[in-house]
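>>> Coordinates for the following, if possible.
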Amino acid sequence: MPDPTPADRALRAVADSVTDSRARMPEDATDPSIPVAATVVLLREGGSGLEVLMIERPDRGSFAGAWVFPGGKLEDDDRAGADEVEEDVARRAGVRETREETGLVIDPGAFETLSVWDPPPGLALRIRTWFFLAPAPGGELALSADEAVGAEWARPADLLERHGRGELTLYPPTWVTLHALAAHPDAASARAAARLAGVQRFETVARRGAEGPLLLWAGDEDWDPDAAASGSRHRLEIGALPWRYSHTGDAGLTAG
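Numbers count the residues shown, from 1 in each chain. The predicted structure is shown next:
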């Protein structure tokens, strides 16, 4: 039997979350016992519109073989004081991680906080992750060999299409972030939308649907088992490629 590909391992990890997860409790989203990480989505104007920087992880360790935004776990030195709020510590960690992984130096004052992701509760390994938008700084990429084996500036829509064809591996938070960015023609539009929306909180519930694993967030009628059926949707169906994202908002149901 051939060795599993990174895409196979990614899907297995998500499928395991369905099996191992438990019901979500209100305190899960701020559980101080789980690690916290920061991710920085660097934006620039390309020849055909908005581009983001993606790095390819080595075929080992966390997110093996996946394409991700620069980032990593918070460290003690990232904290300026014992009472500093988590978001500020994450912002500082995002600057450090981006510099260590790509050689790019970014200004934390230019960040827009995009989202915070909390995985399905009950898993052996959970990491709460803050996502920030930032304009691409000047300078040349200098990848850390331990952290990245490749890097690419690409349009969000192109990355989603390649993922849908099985050509690269993305994890759900990266996929959903790219899906949102694909709607914007340029970096200014994406950053303005982030400011207007405020911090989006993805408190994830994993379920198994008729066609495979589902990830659900607040706003989906199945996210809260005690809620009355409303037909509302906020979910990512990942049982087969291409993945399908549905979110009932003010403009109606969107999918991709």
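>>> Tell me how far the closest residue to residue 48 other than its chain neighbours lies from residue 181.
Of all residues not flanking residue 48 in the chain, residue 155 sits nearest, at 6.2 Å (C-beta to C-beta, 6 or more residues apart in numbering). For the C-beta atoms, the positions are set from N, CA and C on the backbone; glycine is no exception. For residue 155, the distance to residue 181 equals 9 Å [C-beta to C-beta, to the nearest Å].
>>> Give the residues shared as contacts by those two.
Shared contacts of residue 155 and residue 181, defined by C-beta atoms under 8 Å, 6 or more residues apart in numbering, are found at 50, 52.
>>> Who has more neighbours out of these two?
residue 181 (25 against 18; other C-beta atoms under 10 Å).
>>> got the contact list for the more buried one?
Applying C-beta under 8 Å, 6+ apart to residue 181 gives the contacts 41, 43, 50, 52, 156, 190.
>>> Please apply the same query to residue 117.
By C-beta under 8 Å, 6+ apart, the residues touching residue 117 are 128-129, 131, 173, 202, 204.
>>> For the closest residue to residue 86 other than its chain neighbours, list each beta-bridge partner.
Nearest residue to residue 86 in three dimensions, chain neighbours excluded: residue 36, at 6.1 Å (C-beta to C-beta, 6+ apart). Per DSSP bridges, the residues bridged to residue 36 are residue 128.
>>> Residue 36 against residue 71, yeah?
No - with contact defined as C-beta atoms under 8 Å, residue 36 does not count as touching residue 71 (11.1 Å).
>>> and of the contacts of residue 117, the nearest to residue 145?
Checking those against residue 145 with C-beta to C-beta, the nearest one is residue 129 at 23.4 Å.
>>> pretty sure the closest one is touching residue 40, no?
No - using C-beta under 8 Å, residue 129 is not in contact with residue 40, being 11.0 Å away.
>>> out of those two, which sits in the busier spot?
Between residue 129 and residue 40, counted using other C-beta under 10 Å, the more crowded position is residue 40 (27 against 21).
>>> any weak-confidence spans in the protein?
Counting by pLDDT under 70, the chain contains low-confidence ranges at 1-22, 61-62, 124, 225-229, 249-256.
>>> neighbours of residue 45, just the number please.
Around residue 45 there are 14 other residues, counting by other C-beta under 10 Å.
>>> Next: residue 75.
12.
>>> Roughly how far does residue 95 sit from residue 63?
Distance from residue 95 to residue 63, by C-beta to C-beta: 20 Å.
>>> oh sorry, the question was meant for residue 189
Taking C-beta to C-beta, one finds residue 189 at 28 Å from residue 63.
>>> quick one, which of those two is more surrounded?
A count of neighbours by other C-beta under 10 Å puts residue 63 above the other of residue 189 and residue 63, at 18 against 15.
>>> and that one, what does it touch?
By C-beta under 8 Å, 6+ apart, the contact list for residue 63 reads 57, 171.
>>> for it, helix, strand, or coil?
Using DSSP: H, G, I helix; E, B strand; the rest coil, the structure places residue 63 in coil.
>>> And residue 52, which helix or strand is it part of?
Assessed by DSSP states H and E, residue 52 sits inside strand 49-56.
>>> ok, back up a step: check the contacts of residue 117 for burial and list the buried ones.
Neighbour counting over the contacts of residue 117 (16 or more other C-beta atoms under 10 Å) leaves 128-129, 131, 173, 202, 204 as the buried ones.
>>> can you redo those as TSV with distance to residue 120?
As requested, the buried ones among the contacts of residue 117 are exported to TSV (distance: C-beta to C-beta, whole Å):
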residue	distance to residue 120
128	12
129	13
131	18
173	12
202	11
204	5
